[in-house]
Each structure stands twice: as C-alpha cells, then as structure tokens.
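**Q** Here's a sequence, model it:
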Amino acid sequence: MFAVIKTGGKQYRVQVGDILQIEKLIVEEGQKVTFDQVLLIEDNGKTLIGTPFVEDAQVTGEIIENFKDKKVIVFKKKRRKQYKRKRGHRQELTRIKIDEITPSVKAAPKRKPVRVTKEPEKKPVPKKEKPKPVVKTKEVKEKKPKKKETAQVVKKEAPKKAKDKAATKKKTVTKAAATSKKSTLKKEK
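**A** Below you'll find the predicted structure:
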C-alpha cells in the first residue's frame, strides 16, 4: 500500500515506515503530524485517485528532527565587467517517519469506457394553425394618370423627330454636294 501526498509545494510517494525529508514544518520533534492532502492511494491493486484530493483520506507521521540541509553555494559572475557575487544557502528541512495511511473511503472499481450513442432527433410536432379568416376586398380600378403617359409619349417621340431632322439635313447636304459636283464636272469638260 502506498500513497501520494502533497506538502511544501511538492508531491511525495510514501509507504508505511518510510523516512522522508520534507520542507520545514513548524512542529517540535516527537509530535504527530497528519497530511490530509492525499492525491492518490493504491491498496492491493485498487486505486483511489482524488479530484484533486481523495476525500477523508489521511497519512500520519512522526517528526524525527528539524535540521538544515548541506550548504549550497550560489556564485554569479559576468565576464569582463568585474561583477562577482558569492552566496551560500542552507535549506531548513524536517525529517519524518510515516506511521499510517488511512483511506476511509472504499476504492471504486475501474470503470469501463462509456459508449456514447446518438439519440434519434425528435421532430417537432407541428402546431395546428387556425384557418385565416377570408377578407373580402373591393376591386379597385386603376386610374391612369394622363400627365405621366403624355410625358412618356413625348419623350419617346422626341428622339424620333430629332433623328428625322438629322436625316433630312444629311439628305439636303448630299443633294447640294451632288449638284456642286455636277457643276464642277461640267466646268472641267
């Protein structure tokens, strides 16, 4: 049986009897601690997975000691700039021993994938429409505006007259040109 717990912003896989080094807890040595942020519990092939945590599950442990980790040297340098910084750091940690993992909720069996089937679309039932009442209307005779028709007729006839005038001018010009040509031909002979 094992569990995955979350503490100090990190996740740890724990079993009964494990000794862990975790981020410092503000608790004295020898006291009991319970972790209620349990993400997963596995017990004899049955797995409980939390969303995000398993409900009512707990992991208890006993604090062995609070201590500082080994020194870590942080050295910064920028070349050709005469910039160097050297710092040291010792992280405070807590060593605990896991005593018990208690899943108070029974493990759910693994589910088979659910098949999604499309339901047949339901056609909307047509509503019974009321028959529309028949309205009797009087026949209205269309009156023809005389002014508009005459204006249209005039517009249609006006271009014809202009064409006739242009045609008559051409004929007269051609007759005059013909007589002048005849006269010039007679003079040449």
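**Q** Let me know the distance separating the spatially closest residue to residue 75 that is not a sequence neighbour from residue 69.
**A** Using C-beta to C-beta, 6 or more residues apart in numbering and skipping residues adjacent in sequence, the residue nearest residue 75 is residue 86, 5.1 Å away. All C-beta spots, glycine's among them, are computed from the backbone N, C-alpha and C. Residue 86 is 19 Å from residue 69, where distance means C-beta to C-beta, to the nearest Å.
**Q** Look up the closest residue to residue 11, ignoring the ones flanking it.
**A** Closest residue to residue 11 apart from its sequence neighbours, by C-beta to C-beta, 6+ apart: residue 4 at 5.7 Å.
**Q** what does residue 102 give?
**A** Closest residue to residue 102 apart from its sequence neighbours, by C-beta to C-beta, 6+ apart: residue 58 at 5.0 Å.
**Q** Thought residue 32 was touching that neighbour, still the case?
**A** No. The pair formed by residue 58 and residue 32 falls short of the contact definition of C-beta atoms under 8 Å, at 11.1 Å.
**Q** Who has more neighbours out of the two?
**A** Here residue 58 and residue 32 are set side by side on neighbour count (other C-beta atoms under 10 Å), and the busier one is residue 58, at 17 against 12.
**Q** Now do the contacts for the more buried one.
**A** If you count contacts by C-beta atoms under 8 Å, 6 or more residues apart in numbering, residue 58 has them with 34-36, 38, 101-102, 104.
**Q** Looking at the record's assignment, how would you partition the chain?
**A** Under the assignment automatic domain parsing, the domains of the chain span 2-103, 145-189.
**Q** And the ones you listed, which one averages the lowest pLDDT?
**A** Per-stretch mean pLDDT for the domains of the chain is lowest at domain 145-189 (a mean of 54).
**Q** Only the buried residues of stretch 16-35, if you could.
**A** 20, 22, 25, 33, 35 (16 or more other C-beta atoms under 10 Å).
**Q** cool, stretch 85-94 as well?
**A** Using 16+ other C-beta under 10 Å as the burial criterion, the residues of stretch 85-94 that qualify are 93-94.
**Q** One more: stretch 49-56?
**A** Using 16+ other C-beta under 10 Å as the burial criterion, the residues of stretch 49-56 that qualify are 50, 54.
**Q** Same check on stretch 61-73?
**A** 61, 63.
**Q** need the strands for the protein, in chain order.
**A** Under the criterion DSSP state E, the chain carries strands at the ranges 2-7, 10-15, 19-23, 32-35, 38-43, 46-49, 57-68, 72-78, 83-89, 92-103.
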